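Colleague: How does the following fold in three dimensions:
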Amino acid sequence: MGGPGSSPCASCKLLRRRCAKDCIFAPYFPPDDPHKFAIVHKVFGASNVSKMLQELPVHQRADAVNSLVFEANARVRDPVYGCVGAISYLQNQVSQLQMQLAVAQTEILCIQMQQEPALQTHHQVLELDQDDKALLLHSNNNNISDCNNNNSLGYAMYSGQLNSNFISPSSIMQMQMQDPLKQESLWT
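Modeller: Numbers count the residues shown, from 1 in each chain. Reported below is the predicted structural model:
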């Protein structure tokens, strides 16, 4: 704020004008941080920022200045999209991480399901006679190969094979590569 012995705020310094006691910029753009106002002025213009601040209640002005500074920095980094570009980038990252998580969970499920039938089958085989053993092994191998041959997680879930056996993570990756639009609906 202006006065004897005090330095003008960053906006008045940059605009080379005398800083009045009632300067609207002084509380939000201190003289020790000139870059903050310079970037806001470059993107929005001093008169536009002044009009915005005057239209807001005093208790909301600090938050508005912080938002303007953030958006101005984003516009300098990405002149076309600004904050929207940063938000879009982060949403894509979240989407990719969700997909990686789903694949990891599927791999865990596959490993658990591979181990579980092996233990159950071993205990059941001990109690069966020779003809029943051959029939059980034949049907179990067919179910597993059917599940592995399907390239659709939806088909495996629909047909109930996901509950009785498993679908391989490589099948899920093949499905994702074949139709990237289905990828959105499967994981979100």
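
Colleague: alpha carbons only for contacts and neighbour counts from here, please
Modeller: Fine.

Colleague: Please work out how many residues are found near the spatially closest residue to residue 54 that is not a sequence neighbour.
Modeller: Of all residues not flanking residue 54 in the chain, residue 24 sits nearest, at 7.6 Å (Cα to Cα, 6 or more residues apart in numbering). Using other Cα atoms under 10 Å, residue 24 has 20 other residues around it.

Colleague: What of residue 36?
Modeller: Using other Cα under 10 Å, residue 36 has 22 neighbouring residues.

Colleague: if I pick residue 50, what's in contact with it?
Modeller: Listed by Cα atoms under 8 Å, 6 or more residues apart in numbering, the contact set of residue 50 reads 24, 25.

Colleague: low-scoring pLDDT stretches of this structure, where are they?
Modeller: 1-5, 117-188 (pLDDT under 70).

Colleague: re earlier: helix, strand or coil: sort out the residue nearest to residue 54 for me.
Modeller: Look at residue 24: counting by DSSP: H, G, I helix; E, B strand; the rest coil, its state is coil.

Colleague: can you tell me how far it sits from residue 94?
Modeller: According to Cα to Cα, to the nearest Å, residue 24 and residue 94 sit 40 Å apart.

Colleague: quick one, helices of this protein?
Modeller: 10-15, 34-44, 46-55, 58-77, 83-127, 130-149, 153-159, 161-164, 169-178, 180-187 (DSSP state H).
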